[in-house]
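[1] how does the following fold in three dimensions:
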Amino acid sequence: MSNTDSAPAAAATAGFTAVQDGKVLRITLTKPKRKNAIDYDTMVALGDTFLAAAENRSVRAIVLTGEGGDFCTGADLAASPAEAQRGITADLVMDAANRLVKAIVGAPVPVVARIKGAAAGVGVGIALAADLVYASEDSYLLLAFINIGLMPDGGAAALVAAAAGRPLAAEMALLGERLPAPAAKSAGLFTAVLPDDELDAAVEAAVAKIAAGPRRALELTKKALNQATLTALDAALAAEKSGQTELLGSADFREGATAMLTKRKPVFAD
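    Okay, here's the model as predicted:
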């Protein structure tokens, strides 16, 4: 697992809250005006939170969600210039993202993701790293990296393919188009898709059942499922880090990011 021990210290972040409610740890991304896009500091602090929860025997379940109308729209590109001034390189950002995804997958207790609106970019990997994913009918997954000259990261190469197979993973990664919630459910990426006014009740019912369950049995069940289905995750994370670090320094990415921020169509090199 990548670590950030030698990275610049993460600044205090208000990017999320983590509140223990009995046996349930509730983690909420709290930047709705940025559609819960996450910066380096938030990724590091989230990873720390999941790793700490793994050591907390009183936690039986973790709920991960986003405030407002979206779950997480990926990395916050607007934060990149300030991060670069602090010495935070693309390599360190990828380490932080990989560490976070592995911390979610490796949490000894079930992680339940509650999805509304967009789960995009690295937000796809964060969502699908959870054990149970409950989504509203208007939500969607989006691997739009190709549209700005990048490749999927956050373990998406393994996490999507493990649940839905290579053809859908390729479609999402190579075409960069939205996958609506009903299609995601049919493909096995979501546990359930519900009307907006039924989403919270479904999440709470699942969490209550988990919280009342036998912790060691839950832990060993999750471990067995991950060992059977996510054998390619480490290799995918390594390949994503290598490729994405290269692409983040490319002219195509500079063009794609500029085009996105200025709301025009990118023109990539021949």
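[2] against which helices or strands is the helix or strand containing R114 packed?
    Per DSSP states H and E, R114 falls inside strand 111-115. In this structure, strand 111-115 makes packing contacts with strand 61-66, helix 122-128, strand 132-136, helix 196-211, judged by 3 or more C-beta pairs under 8 Å, 6 or more residues apart in numbering; DSSP states H and E. For every residue, glycine as well, the C-beta is placed using N, CA and C.
[3] roughly how far is it from the heart of the chain?
    10 Å (C-alpha atoms, centre = their mean, to the nearest Å).
[4] give the partner strands of that strand in its sheet and their orientations.
    Using DSSP bridges, the neighbouring strands of strand 111-115 in the sheet come out as strand 61-66 (parallel), strand 132-136 (parallel).
[5] start from the N-terminal end of the stretch 51-200 of the chain and give the helices.
    Read by DSSP state H, counting those that start in this stretch, the stretch 51-200 of the chain holds these helices, from start to end of the chain: 80-85, 90-106, 122-128, 156-164, 166-175, 181-186, 196-211.
[6] name the residues of the helix or strand that comes right after the last one that are buried.
    Tracing the chain C-terminally past helix 196-211 and defining elements by DSSP H and E, one meets helix 215-229 next. Residues of helix 215-229 classed as buried by neighbour count (16 or more other C-beta atoms under 10 Å): 215, 218-219, 222, 226.
[7] I figured I210 hits I62, correct?
    No. Counting by C-beta atoms under 8 Å, I210 stays clear of I62, with 9.5 Å between them.
[8] any common contacting residues for those two?
    Shared contacts of I210 and I62, defined by C-beta atoms under 8 Å, 6 or more residues apart in numbering, comprise 109-110, 112.
[9] related to what we said a few turns ago, nearest to V93, of the strands paired with strand 111-115?
    Across the strands paired with strand 111-115, V93 has its closest neighbour in strand 61-66 (19.8 Å, C-beta to C-beta).
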